[in-house]
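Enquirer: Sequence first, predicted model second:
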Amino acid sequence: QLPKATYDEETGRTTCTRNTKLPLQITRTPIAMSFGVFNSSTLLTDPTSFEEPLLDTTVSVILDADS
C-alpha cells in the first residue's frame, strides 16, 4: 500500500499522509530492462551490482504489453 498523495495547485506542492494508505493498482504486467554505458562507448544490458559503480550512466525502461 502507498501513502495517499495530494497535490495543491496553488502552491505546486505534493503532500503525502501515512495515515491514509491506498493499494497500488497494477492492471498490466510490467516488463523492466536496464542498460548502462561504460567508457562512453560500450552499452551493457542488465548490468550487475559489480558493474554499476563503473558505469558512466544507467537507463531503466519499463513497458507493458501495449507499449
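Expert: Nice, thanks for sending it over. Numbering: from 1, shown residues only.

Enquirer: How many neighbouring residues does the residue nearest to Asp66 when sequence neighbours are not counted have?
Expert: In this structure, Asp66 finds its nearest non-sequential neighbour in Arg28, 7.1 Å apart by C-beta to C-beta, 6 or more residues apart in numbering. (C-beta placed from N, C-alpha, C; glycine too.) By the criterion of other C-beta atoms under 10 Å, Arg28 has 10 neighbours.

Enquirer: Ok, the one 5 residues further on next?
Expert: Using other C-beta under 10 Å, Met33 is surrounded by 11 other residues.

Enquirer: So the residue nearest to it when sequence neighbours are not counted: helix, strand or coil?
Expert: What sits nearest to Met33 in space, not counting adjacent residues and going by C-beta to C-beta, 6+ apart, is Val61, at 4.9 Å. The three-state label given to Val61 by DSSP: H, G, I helix; E, B strand; the rest coil is strand.

Enquirer: Neighbours of Val61, how many?
Expert: Residues near Val61, counting by other C-beta under 10 Å: 10.

Enquirer: Ok, the one 4 residues further on next?
Expert: Burial of Ala65 is recorded as 8 neighbouring residues (other C-beta under 10 Å).

Enquirer: same deal with Gly36?
Expert: Per other C-beta under 10 Å, the neighbour tally for Gly36 reads 20.

Enquirer: ok, now which ones touch it?
Expert: 43-44, 47, 51-52, 55-59 (C-beta atoms under 8 Å, 6 or more residues apart in numbering).

Enquirer: The longest strand seen in the chain pairs with which strands, parallel or anti?
Expert: Using DSSP state E, we find that the single longest strand of the chain is strand 13-22. Here strand 13-22 has these sheet partners by DSSP bridges: strand 2-8 (antiparallel).
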